[in-house]
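# Sequence and predicted model, in that order:
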Amino acid sequence: MLHFAFTWRTIVVPRIVQRSESQAFGFKRNRFSIRKGLQYYESCGMWRCASMLSLLIVDDFEVEREEAMEIIEEAGLPLRIFGKATNGKEALRMLESQQPDIILVDVEMPLMNGIEMAKIVRQKYPAIKMIFFSFYNKFEYVKKAIDLSSHGYVLKPIVPAELVEVLNRTINLLNSEIQKRTEQEKLKAMLSKSMPALVEKFSAELFSKQFKDEKALWETVDFFKIDLKRAIYMVCVLEVDDYKNLAADKSMEDKQLLSLYILQTVENHLATQASVLTTRLDESHYGVLFSYDSAMGPSKLLEQTEDLLSTLIEGLHSQGISCSAGLSDISDQILSVSDLCEQGLFALKFKFHLGKQEIIHIRDVETKKSASAKNDWKLPELQKELKFLIHSGNSQEIDRFVERFLEHSGTDTRADQIKSIFYGIVTCLQFMLMEENEEFENIVELNRPIWEKWTLFETVEEMKAWLKQCLIEIAAYLDHKKQNKNTRLIHEIQVYVKQNLREELSLKSIASAFFYSPNYINSLFKREMRTTISEYIIQQKIDMAKEMLANPQFKIYEISESIGYVNEVHFRSKFKELTGYSPKEFRERI
């Protein structure tokens, strides 16, 4: 007889075999073989049902319906019989109130056959899985079943193993879909729970120039349902005055609570009166993006923004939090938010001159000129020239730059005006180094905070000399980084230390020997070696002491002196601290 298997879209068409009369009509006489025939599926772990699914049986012959139910019950399939129907119309009426997971339907039935019923089910209830069973083995029926996305076609009289195989595949498919839906729902719940954090992340990215695609930006705004108008933008950077003093005695938890309180206060105060987006730039700075309708004129827009900020600053002050605000220019480009933020930060640098709790507009800062100082520089030009100097400039070009910016600082120029220019240059340097993942303080040697250092300058020449040295050190550092000479320098330092262990080595003396600042050379060494130069010197001395202790000819005090320890007690203490043994104990263990 004909034997074939046909599989497509999880359609399973069992082998067509000749069935004897006893197979067709004496099902119960062969029942002893059902369990054995099904052990294959059990041993393969094919039943992975996580919950009971429901099955509707549609057949005009009661004996066929009962036979299918007995096979399912005997096989222990995780199926609940949803109901039984004698034709397609009756089944469709049942589906109007409730739907099963699977329908096992005969092809040929009165009133409405299985193919006609399946077409309607497919349209109205696409989630239901359809399995056909019939005495007809013509390919046209198989093809129709495939066209209707059937999940199986079983021939009558039913071979239990064939029906169980088709049902099992369908059960596993349903469970897989249920699991995917469950996981999807969990992910959606996680997304909903994480929404505030994701909005904050988006805000931080917007303020830090990480968005390049405006279309993607607005898609994100729409997804998060952020109240942001597509018209005119202005950025305010809010700075907490005297933050170090304010947070000096606070725990980390209290600092975080303070930050959350400020953010919440800003949002609650401004969001009810304007379209704003806020973010925390760092521990003492907060960014606020204002978006306005284009119909509002620039002067009206600025006036409204300043009124809102004045009320906000007063409100925070009443709660013991003093703040100042740096206000950017106006832009109609949403991708310029990071540039507007830089303007706000730059404007805040002039708080030194204007005082605390003030609203400082970038236009006021850029148009301030000294009566005698004729410097006419803009932020973009300054940044461009500084970037060239620290990446490609030489000492002569650095000299000319500093002299040009401070050349008109005569006796008639106020000190604060000179410091304003100075302040702007150093601030730009800090921003540029941040873009290089570097910090100003790690490159330029400072024995005190930079702002405090400025107050100690008594002459313009001192300021010029210091600024020139800063630029030279930064340029040298970046050039050294670019040329990847770190390894060679570290090796030379190691050799120098080993050759001079008997001397009184120090960070300062080594830095002087290599013509680098102590701060820079120690930072470089620590980054490459994961230890400071001082720690490395001590370890080398101890290693040398270990070698000498192996020779009983050397007295302990001689070893101490030979590696540069004038005080033997100090040597013994340091040796035990690093090895866990005193020099005597270590010698005895050798």
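That came in fine, so what should we check first? Predicted, not measured: the structure shown is a model, and the values here were computed from it.
# Can you list the low-confidence ranges for this protein?
1-51, 136-150, 352-354, 366-379, 405-417, 446-459, 482-485 (pLDDT under 70).
# Would you map out the domains in it?
6-180, 208-367, 379-480, 486-589 (automatic domain parsing).
# I'd like these written out as CSV, with distance to Ala189 added.
Bear in mind the C-beta positions are built from the backbone N, C-alpha and C, glycine included. Formatted as CSV, the domains of the chain follow (distance: least, Cβ to Cβ, whole Å):
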stretch, distance to Ala189
domain 6-180, 15
domain 208-367, 17
domain 379-480, 36
domain 486-589, 43
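# list the buried ones in whatever helix or strand Glu303 lives in?
Assigned by DSSP states H and E, Glu303 belongs to helix 298-318. Residues of helix 298-318 classed as buried: 301-302, 305, 308-309, 312-313, 316 (neighbour count, 16 or more other Cβ atoms under 10 Å).
# And stretch 533-549, by the same measure?
Of the residues in stretch 533-549, those buried (16+ other Cβ under 10 Å) are 533, 536-538, 540-542, 544-546, 548-549.
# Restricted to helices, list these.
533, 536-538, 540-542, 544-546, 548-549 (DSSP state H).
# So which residue is smack in the middle of the chain?
Lys201 (7.7 Å; Cα atoms, centre = their mean).
# How is it assigned, secondary-structure-wise?
helix (DSSP: H, G, I helix; E, B strand; the rest coil).
# Please apply the same query to Asp254.
helix.
# what's around the closest residue in space to it that isn't next to it in sequence, how many residues?
Nearest-residue entry for Asp254: Ala247, 7.9 Å, with adjacent residues in sequence omitted and distances by Cβ to Cβ, 6 or more residues apart in numbering. Ala247 has 17 neighbours, counted by other Cβ atoms under 10 Å.
# how close does Ala247 get to Ile425?
Separation of Ala247 from Ile425 (Cβ to Cβ, to the nearest Å): 29 Å.
# burial measure for His491, as a count.
His491: 11 neighbours (other Cβ under 10 Å).
# same question, the one 4 residues further on
Under the neighbour criterion other Cβ under 10 Å, Val495 is assigned a count of 10.
# Now for Lys180: which residues touch it?
Neighbour list for Lys180: empty [criterion: Cβ atoms under 8 Å, 6 or more residues apart in numbering].
# tell me the SS of it?
Lys180 ends up helix, using three-state DSSP.
# Relative to Asn168, how far out is it?
19 Å.
# Next: Val221.
For Val221, the distance to Asn168 - Cβ to Cβ - is 48 Å.
# Of the two, give the one with the bigger neighbour count.
It is Asn168, of Val221 and Asn168, that has more neighbours when counted by other Cβ under 10 Å, with 21 against 18.
# Next, the contact list for the residue nearest to Asp254, please.
By Cβ under 8 Å, 6+ apart, Ala247 lies in contact with 254-255, 258, 283.
# from memory Val121 sits against Ile103, does it?
Yes. Because the distance of 6.7 Å satisfies Cβ atoms under 8 Å, Val121 is recorded as touching Ile103.
# Mutual contacts of the two, please.
Common neighbours of Val121 and Ile103 (Cβ under 8 Å, 6+ apart) are 128, 130.
# of those two, who's got more company?
When Val121 and Ile103 are compared for neighbours, Ile103 comes out ahead with 27 against 24, by other Cβ under 10 Å.
# What separation is there between that one and Ile81?
For Ile103 relative to Ile81 (Cβ to Cβ), the value is 12 Å.
# ok, the buried residues of stretch 533-549 vs Ile418, which is closest?
Relative to Ile418, the closest of those is Ile533; by Cβ to Cβ it sits at 37.2 Å.
# Next, the contact list for that closest one, please.
Contacts of Ile533 by Cβ under 8 Å, 6+ apart are 493, 497, 507, 510, 521-522, 525-526.
# Using PDB, write down the CA coordinates of stretch 512-519.
What follows is stretch 512-519, C-alpha atoms only, in PDB (Å, rounded to 0.1, in the frame of the first residue of the first chain):
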ATOM      1  CA  SER A 512      62.300  65.500  38.800                       C
ATOM      2  CA  ALA A 513      64.600  62.900  37.200                       C
ATOM      3  CA  PHE A 514      62.100  62.300  34.400                       C
ATOM      4  CA  PHE A 515      61.000  65.900  34.000                       C
ATOM      5  CA  TYR A 516      57.400  65.300  34.800                       C
ATOM      6  CA  SER A 517      55.100  66.700  37.600                       C
ATOM      7  CA  PRO A 518      54.800  64.300  40.600                       C
ATOM      8  CA  ASN A 519      51.000  64.200  40.200                       C
END
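# Contacts for it next, please.
The contact list for stretch 512-519 (Cβ under 8 Å, 6+ apart) reads 441-446, 473, 489, 492-493, 496, 507-508, 511, 521, 524.
# Reformat the buried residues of helix 298-318 as CSV; add distance to Val460.
Formatted as CSV, the buried residues of helix 298-318 follow (distance: Cβ to Cβ, whole Å):
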residue, distance to Val460
Leu301, 40
Leu302, 35
Thr305, 37
Leu308, 40
Leu309, 35
Leu312, 39
Ile313, 35
Leu316, 38
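# Check these and tell me the two furthest apart.
Among those, Leu301 and Leu316 lie farthest apart (Cβ to Cβ), at 22.7 Å.
# re earlier: could you redo the ones in helices among the buried residues of stretch 533-549 as TSV and give each row distance to Leu228?
Putting those into TSV (distance: Cβ to Cβ, whole Å) gives the following:
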residue	distance to Leu228
Ile533	51
Tyr536	53
Ile537	57
Ile538	57
Gln540	59
Lys541	62
Ile542	62
Met544	66
Ala545	67
Lys546	66
Met548	72
Leu549	71
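# Which one of the residues you listed is nearest to Glu73?
After measuring those against Glu73 - Cβ to Cβ - the closest member comes out as Tyr536, at 78.8 Å.
# now, among the ones in helices among the buried residues of stretch 533-549, which is nearest to Leu56?
Among those, and counting by Cβ to Cβ, the member closest to Leu56 is Tyr536, at 79.2 Å.
# Pretty sure Leu263 sits against Leu281.
No. If you go by Cβ under 8 Å, Leu263 and Leu281 don't touch, sitting 11.0 Å apart.
# Work out the gap between stretch 324-342 and the centre of the chain.
24 Å (Cα atoms, centre = their mean, to the nearest Å).
# Restricting to C-alpha, output it in CSV.
Output of stretch 324-342 as CSV, limited to C-alpha atoms (Å, rounded to 0.1, in the frame of the first residue of the first chain):
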residue,chain,number,x,y,z
SER,A,324,22.0,79.9,41.2
ALA,A,325,20.9,79.5,37.5
GLY,A,326,22.8,79.6,34.3
LEU,A,327,20.5,80.3,31.3
SER,A,328,21.3,79.5,27.7
ASP,A,329,20.4,81.2,24.5
ILE,A,330,17.3,80.2,22.5
SER,A,331,17.4,77.5,19.8
ASP,A,332,14.9,75.8,17.5
GLN,A,333,17.0,72.7,17.2
ILE,A,334,16.3,69.9,19.7
LEU,A,335,19.7,68.3,19.0
SER,A,336,21.4,71.4,20.3
VAL,A,337,20.3,70.7,23.9
SER,A,338,23.8,69.7,24.9
ASP,A,339,25.2,72.9,23.5
LEU,A,340,22.6,74.9,25.3
CYS,A,341,23.5,73.0,28.5
GLU,A,342,27.2,74.0,28.0
